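**Student:** how would this look folded up:
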Amino acid sequence: MLEMSNAVERPDGTTSKAGFDTVSFIDSVNQDRREHRALQAILKARQAGRVVIAVSQHTLHQLEKKPDAALALAQTAEVVPHYPIGTWDGQVRTWNSLAGTWDDIKRNDSLRDELHSLAKAGADIRDLGALIDCIHARVGVFVTSDTDLVASGPAKQIADRFGIRIVTPSQFASELPPDAG
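**Tutor:** So this is what the prediction gives:
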């Protein structure tokens, strides 16, 4: 079992780190999206120094396919180390950018399979890669609108097993202190 912390905080307990999935960055910059307001509250908390937003190489890779404001926002986030999963041809970055080793792929593939079984079957495999990177980086919260991950059963099982909370943007925004968002 991986040992994970429930949150990443400063000694004064005021800052938490939240990994965003691809859709969270897209929704952050599109006013028509349902979670836009909540994500704006999170970004305001970030400006106040109360939240650190993290991004995985998986998420950046997806956003680079259509360079826009969502990608620009993601590029301002803290990039978590990228751990290899899948095949060599399936890697989203070069070998030199990997945090793990080739031997880690088998372990990370098992981790991905376990996450997939804990989540509902429809969980986006790219989100699982981003989630794996956030787990290894000890990010406390993974923000996503992927209903297969944030459903109460999967989210609780993943939190219990790996120590990372899976929440929607609205859930995370509602947890922010009043002066932060």
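**Student:** all strands for this structure, in order.
**Tutor:** Secondary structure of the chain, counting by DSSP state E: strands at 16-20, 51-55, 78-79, 141-143, 165-167.
**Student:** Can you lay out those strands as CSV showing mean neighbour count?
**Tutor:** No exception for glycine: its C-beta is placed from N, CA and C like everyone else's. Putting the strands of the chain into CSV (neighbours: other CB atoms under 10 Å) gives the following:
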stretch, mean neighbour count
strand 16-20, 25
strand 51-55, 23
strand 78-79, 14
strand 141-143, 28
strand 165-167, 23
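**Student:** is it possible to export the ones you listed to CSV including distance to Leu118?
**Tutor:** As requested, those are arranged in CSV below (distance: least, CB to CB, whole Å):
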stretch, distance to Leu118
strand 16-20, 17
strand 51-55, 21
strand 78-79, 26
strand 141-143, 13
strand 165-167, 10
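**Student:** Make CSV from these and add mean pLDDT to it.
**Tutor:** Putting the strands of the chain into CSV (pLDDT from 0 to 100) gives the following:
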stretch, mean pLDDT
strand 16-20, 94
strand 51-55, 97
strand 78-79, 96
strand 141-143, 97
strand 165-167, 95
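**Student:** right, and those - which one's nearest Gln31?
**Tutor:** Smallest distance to Gln31 across the strands of the chain (CB to CB): 17.5 Å, for strand 16-20.
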